[in-house]
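Chemist: How does the following fold in three dimensions:
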Amino acid sequence: FGSSANNFGSDSSDLDMCLMYPESEPPPEDKGALMEGIAEHLRAQGMEDVNARPTARVPIVLFSDPASGLECDISMHNPLAVRNTQLLALYSRVDPRVRQLAYVIKDWSKARHMNSPVYGTLSSYGFILLLVHFLQTRRPPVLPNLQRLPPGWPAPAAAA
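Modeler: Okay, the predicted model is just below:
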């Protein structure tokens, strides 16, 4: 999930991963302990800058792959983030200008140090949501509100 999958990433984007459990099997109660175990395993495999955040709202492990230099993070059972990634990927395909504007906004906000939630500013995700809303509320709209489409849209083609 994240910018690597939603079509708004760049060569410098991190890789966001999410461990999902099947609906038939509930996730473990102590997700934090599981994430700490994953962090230990990643360290043993030679990953660098491993940082477990077991008490975060969504427990997460951040690390860097020394072979590729890729920064990564793993969260656990975060279906909303996965769904939001799918939705943003669809918006990015509706109109090519959406991605272009998103890149400009991300570069602009990073250059002004306005892209760091740790310091009380919006994340890239937040800026993209603002962009999508802005483009949906123009007259006429540049983007449709995909969440308002009826379930199953478009209807499957009728069998001939």
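Chemist: mind listing the strands in the protein by residue range?
Modeler: Secondary structure of the chain (DSSP state E): strands located at 15-19, 48-53, 60-64, 71-76.
Chemist: now for those, which one comes closest to residue 40?
Modeler: Closest approach to residue 40 among these is made by strand 48-53 (8.3 Å; CB to CB). Any C-beta I mention is one placed from the backbone N, CA and C, and that applies to glycine too.
Chemist: tell me the angle of that closest one relative to strand 71-76?
Modeler: Between strand 48-53 and strand 71-76, the angle comes out at 30 degrees (axes from the mean of the first three to the mean of the last three CA atoms, to 10 degrees).
Chemist: what's the burial count for residue 133?
Modeler: If you count neighbours by other CB atoms under 10 Å, residue 133 ends up with 11.
Chemist: one step back: can I get the strands of the chain in a markdown table including mean neighbour count?
Modeler: Output for the strands of the chain, formatted as a markdown table (neighbours: other CB atoms under 10 Å):
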| stretch | mean neighbour count |
| --- | --- |
| strand 15-19 | 18 |
| strand 48-53 | 16 |
| strand 60-64 | 21 |
| strand 71-76 | 19 |
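Chemist: between the ones you listed, which one is nearest to residue 8?
Modeler: Nearest to residue 8, of all those, is strand 15-19, at 11.9 Å by CB to CB.
Chemist: The closest one: partners in the sheet, and parallel or antiparallel?
Modeler: Strand 15-19 sits in its sheet next to strand 71-76 (parallel), going by DSSP bridges.
Chemist: Between strand 60-64 and the strand it pairs with, find me the angle.
Modeler: If you take the same axes, to 10 degrees, strand 71-76 sits at 160 degrees to strand 60-64.
Chemist: Run the chain-centre distance for strand 71-76.
Modeler: From the chain centre to the centre of strand 71-76 is a distance of 10 Å (CA atoms, centre = their mean, to the nearest Å).
Chemist: before we move on, the earlier item: turn the strands of the chain into CSV, including distance to residue 93 and mean pLDDT.
Modeler: Supplementary listing: those in CSV, determined by distance: least, CB to CB, whole Å; pLDDT from 0 to 100:
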stretch, distance to residue 93, mean pLDDT
strand 15-19, 20, 88
strand 48-53, 33, 96
strand 60-64, 28, 95
strand 71-76, 25, 91
